[in-house]
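Novice: I would like the atomic coordinates for the input below:
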Amino acid sequence: MPVLKIVPLDSIIIHEHHDRRRSEKLAIVIKADGVLKDPPIVARLGGKGERYVHLDGANRIDTLKLLGCRDILVQVVDYYDEEQVRLDSWCHLTRMDKDLLLRQLGSVQGAKVRKADHLSVTELLRRRKALCGIFFSDGDSYAVEGGNGLASRVELLNKVVDIYKAEIARDVLELGELTSQIGALFRRHSHEGYNVLIAFPKFTPKEIVEIAERGMKLPAGITRHLITNRALRVNFPLMILDSKKIPLEEKNALLDDFLRRKSPRLYKESTVMYDE
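Specialist: The predicted structure follows:
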């Protein structure tokens, strides 16, 4: 079963940028509902004290901070156990004039943009030799390279995503039969008019932990964590998380009692959610 725990909000380090506007909207919903439905996912960090790196749910974490809560309910996973969590990456789709995008990418200091065929770009991504791959709906593709270490790669990735981040759709792109997948993704999003697809190489759990511990942040919507037995619709009372008078130990005792009265169901089949 999922490991659910109430922890101090200030013990969680967020490894990616998040949209404060989404948090503000979510705060209205959570306050009206009076419950935290879906616990964010975190993993323990080493060292002294009890610290965690966020894996999923940055906006929910930020929302509870906005609401003035001291503590938050989370699901704790073992980051290095592939049976519990697997780290993948999202791709981005956006709308932007091709020449303008290439000019702005070319102006990013430290980044090199070079045209290449789909297969070459795919290989660079698979070998993690490219910061990202840029694919256009007209069939052209480019590799964006640069960065001599983790910190410089993260900095350059933020500069690249900043160029188009005002409008992003996320989707899944496996680094296999890339050409057919890219065409399918453009067709799937054809009604939205997206003409650019940006693919990213995969990070490792060790790199995400280092990013968090060094106070760096990745652009939003790049890391994709696939969680086994993700806890959803827990609906834990916000008033308990919000309380400054109830000690943390007592809050976790209340959580244990709350969970004992639940009848969780485990779904083995794949699920398609239409309310996300």
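
Novice: For the helix or strand bottoming out on mean pLDDT in the chain, name the packing helices and strands.
Specialist: Least confident element among the helices and strands of the chain, by mean pLDDT, DSSP states H and E: helix 178-188 (a mean of 86). Judged by 3 or more C-beta pairs under 8 Å, 6 or more residues apart in numbering; DSSP states H and E, helix 178-188 is in contact with strand 91-94, helix 118-126, strand 196-199. For glycine as for every other residue, the C-beta is placed from the backbone atoms N, C-alpha and C.

Novice: hmm, try it at 6 Å
Specialist: Contacts defined by 3 or more C-beta pairs under 6 Å, 6 or more residues apart in numbering; DSSP states H and E place helix 178-188 against helix 118-126.

Novice: picking up where we left off before, tell me the angle of the least confident helix or strand of the chain relative to helix 118-126?
Specialist: Counting by axes from the mean of the first three to the mean of the last three C-alpha atoms, to 10 degrees, helix 178-188 lies at 100 degrees to helix 118-126.

Novice: buried ones in helix 178-188?
Specialist: The neighbour-count check on helix 178-188 (16 or more other C-beta atoms under 10 Å) flags L178, Q181, I182, L185, F186 as buried.

Novice: Against I211, how distant is I168?
Specialist: Distance of I168 to I211, given as C-beta to C-beta, to the nearest Å: 20 Å.

Novice: Between those two, tell me which one has more neighbours.
Specialist: Ranked by neighbour count (other C-beta atoms under 10 Å), I168 and I211 place I211 first, with 22 against 18.

Novice: quick one: contacts for that one?
Specialist: Contact analysis of I211 by C-beta atoms under 6 Å, 6 or more residues apart in numbering lists H15.

Novice: do that again at 10 Å, thanks
Specialist: I13, H15, E16, V53, L150, A151, R153, V154, F203, K217, L218, T223 (C-beta atoms under 10 Å, 6 or more residues apart in numbering).

Novice: What is the neighbour count of the first one?
Specialist: Looking back up the chat, that one is I13. Applying other C-beta under 10 Å, we find 19 residues neighbouring I13.

Novice: One more: the third one?
Specialist: Applying the criterion other C-beta under 10 Å, we find 19 residues in the vicinity of E16.

Novice: if I pick it, what's in contact with it?
Specialist: Listed by C-beta under 10 Å, 6+ apart, the contact set of E16 reads 54-56, 58, 208, 211-212, 216-223.

Novice: do you know how far it is from L238?
Specialist: Separation of E16 from L238 (C-beta to C-beta) stands at 24 Å.

Novice: Switch the buried residues of helix 178-188 over to CSV; also include distance to K262.
Specialist: Shown next, in CSV, are the buried residues of helix 178-188 (distance: C-beta to C-beta, whole Å):
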residue, distance to K262
L178, 43
Q181, 39
I182, 43
L185, 38
F186, 43
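
Novice: Out of these, flag the one nearest to L232.
Specialist: L185 (26.4 Å; C-beta to C-beta).

Novice: Which residue comes closest to that closest one once chain neighbours are left out?
Specialist: Using C-beta to C-beta, 6 or more residues apart in numbering and skipping residues adjacent in sequence, the residue nearest L185 is D171, 5.6 Å away.

Novice: Identify the bridge partners of that neighbour.
Specialist: D171 has these beta-bridge partners by DSSP bridges: C91.

Novice: quick one, what contacts L241?
Specialist: By C-beta under 10 Å, 6+ apart, the contact set of L241 is 6, 9, 30, 35-36, 64, 67, 69-73, 251, 255.

Novice: whoops, L45 was the one
Specialist: Contacts for L45 were tallied using C-beta under 10 Å, 6+ apart; they are S11, I12, I13, R51, Y52, V53, Y79, V209, A212, E213.
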